[in-house]
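# Give me a model of this one.
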Amino acid sequence: MGRDHLIQSKMTIEQIYTGCLAQGAYYIESKGEVAIIDPLREVQPYLDRAQKDDAKIKYIFETHFHADFVSGHLTLAKATGAPIVFGPNATTSFDSITAKDEQVFPLGDVSIVVLHTPGHTMESSCYLLRDENGKDHALFSGDTLFLGDVGRPDLAQKGADLTQEDLAGHLYDSLRNKVMTLADDVIVYPAHGAGSACGKNLSKETVGSIGGQKESNYALRADMTKEEFIQEVTDGLLPPPQYFPLNVKMNKEGYADIDEVLKKGSHSMNADEFEAAANETGAVVLDVRSVEDFAKGHVPRSIFIGIDGGFAPWVGALLMDVNQEILLVADKGREKEVITRLSRVGFDNTIGYLDGGFETWRKSAKEYDTVSQVSAEEWKGSLEEKSLVFDVRKSGEYISEHVLQAENTPLDYLNDHLSAFPSEENFFIHCAGGYRSMIAASILKSRGIHNFIDVAGGFAAIKEAGVEVSDYVCPSTIK
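Alright, predicted model coming up:
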């Protein structure tokens with residue numbers, strides 16, 4: 001987690017940013033009273049911060065029902081007694097406040113105003129912080145406004161009798177009537193940055209201003225018509241990850257306390273117990289070590305998603321079912337971290353881990369598998385025009401630049417491309433840097449496909465080795 005601090009004479013604002021989710025939670029304190037906005041599932045950092053300030057958490061604000069992570073609102077409310085506040089249209093299975101548009105919540109010498117901004121979802125709201133003089137100071141914009149983009153309008157259609165175009169129209173009105181009317185110097189604190197699946201073109205920056213967004217954000221152009229906005233915001237939207245609705249359900253209806261999740265998952269097993277559990281339960285064996293370690297040896301049919309990469313979103317996108325039981329292979333001492341990060345995206349059913357990691361499996365003389373790899377330099381020397389190459393990067397990356405003979409089979413939708421891979425002839429796979437292609441390698445092997453070689457270092461190493469690549473290709477020419 002990263003922290004940014006902004007300390008004023010009458011208030012403290014702290015952004016608590018979690019890189020693997022590209023998510024920002026917020027801690028606001030004034031005169032011993034604290035508000036938390038969009039808390040992460042593990043809530044101890046907020047409790048510790050309030051204790052350090054000798055302050056009391058007074059409110060827990062949620063900008064909407066998050067789809068990409070499980071919020072910590074319930075656990076935090078249980079620990080503090082603070083009410084959970086949502087914007088208009090929110091219905092929950094637990095005690096919460098459904099605020100009215102423009103309702104004011106006092107906090108020490110400052111105040112927080114609810115701005116209902118439907119569009120990303122119908123309950124989506126921003127929270128406007130006013131300083132001790134009543135001046136608009138900062139907007140906590142949730143998934144309504146990002147830096148460089150706006151929230152995708154296709155996540156709240158089921159059962160709502162709304163199309164994504166309907167939601168985009170609501171979002172246009174919300175931005176024009178509630179957000180763009182604010183002063184240019186109002187600070188913008190979004191819920192997400194680059195890497196989130198909640199928008200298309202998010203900036204790497206995590207703090208901006210209303211004025212800066214009016215100048216740089218394509219969706220906030222002053223001369224933009226509603227029809228143009230709807231077209232541009234909905235154009236190029238990829239299907240959302242399948243775990244998104246399951247996270248929304250947990251955030252609306254409730255979930256197990258994270259301490260229970262950790263207790264259940266922290267069950268160490270020797271190699272025999274681990275193997276038996278895998279066979280008896282049908283659990284996914286999830287290997288979270290490094291790319292290099294997985295390639296050298298891993299439990300057969302295990303799925304690789306390295307903890308030091310874009311872990312949680314890839315787990316959600318590829319495992320999909322949050323009820324899936326999971327067995328872990330992790331570096332010794334990192335098991336709790338992995339279980340916690342799985343729970344952030346709703347995967348609460350870790351049932352144990354291999355005590356001592358893969359070394360325990362290897363020493364037990366059990367069968368293990370490897371991934372064949374070749375360096376980009378070696379590959380360049382053996383590459384032929386007829387070589388079969390599969391690029392598992394996103395389609396936008398592929399369109400921008402790719403190896404001449406490569407076919408695009410994006411990792412997000414790898415299961416849809418399984419028929420493209422030959423059953424006997426050898427082929428090569430690569431991504432941008434090696435992380436995603438190793439995930440793809442593990443999925444292919446779990447499906448019984450072993451006749452491939454991974455290009456170590458991915459496209460970055462391939463370019464550096466001088467392999468011929470294409471320039472930009474018009475999407476319409478791609479099959």
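# switch to C-alpha atoms for all contacts and neighbour counts from now on
Noted.
# got the residue ranges for the helices in the stretch 251-400 of the chain?
Along the stretch 251-400 of the chain, counting by DSSP state H, counting those that start in this stretch, helices occupy 258-265, 271-281, 291-296, 311-319, 335-343, 358-363, 376-382, 395-400.
# Format the ones you listed as CSV; extra columns: distance to residue 446 and mean neighbour count.
Below are these laid out as CSV (distance: least, Cα to Cα, whole Å; neighbours: other Cα atoms under 10 Å):
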stretch, distance to residue 446, mean neighbour count
helix 258-265, 23, 17
helix 271-281, 14, 15
helix 291-296, 14, 18
helix 311-319, 13, 20
helix 335-343, 21, 21
helix 358-363, 18, 17
helix 376-382, 25, 15
helix 395-400, 24, 16
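# Take those and lay them out in TSV including mean pLDDT.
Formatted as TSV, the helices of the stretch 251-400 of the chain follow (pLDDT from 0 to 100):
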stretch	mean pLDDT
helix 258-265	94
helix 271-281	97
helix 291-296	98
helix 311-319	89
helix 335-343	96
helix 358-363	97
helix 376-382	92
helix 395-400	91
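# could I get these as CSV with distance to residue 351?
Converted to CSV, those look like this (distance: least, Cα to Cα, whole Å):
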stretch, distance to residue 351
helix 258-265, 5
helix 271-281, 9
helix 291-296, 21
helix 311-319, 16
helix 335-343, 10
helix 358-363, 17
helix 376-382, 39
helix 395-400, 36
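# Identify whichever of the ones you listed lies nearest to residue 369.
helix 291-296 (8.1 Å; Cα to Cα).
# any residues touching that closest one, and which ones?
For helix 291-296, the external contacting residues (Cα atoms under 8 Å, 6 or more residues apart in numbering) are 287, 304, 306, 370, 371, 372, 373, 434, 435, 438.
# again, only this time at 10 Å
Contacts to helix 291-296, defined as Cα atoms under 10 Å, 6 or more residues apart in numbering, come from residues 287-289, 302-306, 308-309, 358, 368-373, 434-439, 441-442, 454, 456.
# same check, this time on stretch 412-428
239, 241, 314, 317-318, 372-374, 379, 383, 387-394, 406-411, 436-437, 440, 443-444, 447-455.
# Please repeat the previous calculation with a cut-off of 7 Å.
Here stretch 412-428 makes contact (Cα atoms under 7 Å, 6 or more residues apart in numbering) with 317, 387, 388, 389, 390, 409, 449, 451, 452, 453, 454, 455.
# How about stretch 434-452?
291, 301-305, 392, 411, 423-431, 454, 456-458.
# average pLDDT for stretch 241-252?
Averaged over stretch 241-252, pLDDT sits at 92.
# what's the offset of that stretch from the middle of its chain?
Stretch 241-252 sits 12 Å away from the centroid of its parent chain (Cα atoms, centre = their mean, to the nearest Å).
# and the closest residue to residue 56 other than its chain neighbours, what is it in contact with?
Leaving out its chain neighbours, the residue that sits closest to residue 56 by Cα to Cα, 6 or more residues apart in numbering is residue 33, at 5.2 Å. Residue 33 is in contact with 55, 56, 57, 58, 107, 108, counting by Cα under 7 Å, 6+ apart.
# Which entries within the contacts of stretch 412-428 meet the buried criterion?
The neighbour count (16 or more other Cα atoms under 10 Å) marks 317, 388, 389, 390, 409, 449, 451, 452, 453, 454, 455 as buried among these.
# Relative to residue 109, how far out is the fifth one?
In other words, residue 409. Counting by Cα to Cα, to the nearest Å, the gap from residue 409 to residue 109 is 55 Å.
# what's the answer for the fourth one, then?
Between residue 390 and residue 109 the computed distance is 59 Å (Cα to Cα).
# Point out where the stretch 1-150 of the chain drops to low pLDDT.
For the stretch 1-150 of the chain, the stretches with pLDDT under 70 are 1-9.
# For the stretch 1-150 of the chain, which segments are assigned as helices?
Going by DSSP H, counting those that start in this stretch, the stretch 1-150 of the chain shows helices at 44-52, 73-80.
# Residues contacting stretch 243-263, please?
Stretch 243-263 has contacts (Cα under 7 Å, 6+ apart) with 42, 65-71, 75, 92-94, 316-317, 320-322, 336, 339-340, 345-346, 348.
# need the contact list for the closest residue to residue 282 other than its chain neighbours.
Distances taken as Cα to Cα, 6+ apart place residue 325 nearest to residue 282, at 7.6 Å, with adjacent residues excluded. By Cα under 7 Å, 6+ apart, the contact set of residue 325 is 283, 284, 349, 350, 351.
# what do you get for residue 403?
Counted by Cα under 7 Å, 6+ apart, residue 403 has contacts 468, 469, 470.
# Against residue 324, how distant is the closest residue to the second one other than its chain neighbours?
Using Cα to Cα, 6+ apart and skipping residues adjacent in sequence, the residue nearest residue 469 is residue 403, 4.4 Å away. The gap separating residue 403 from residue 324 is 36 Å, by Cα to Cα.
# No further queries at this time; thank you.
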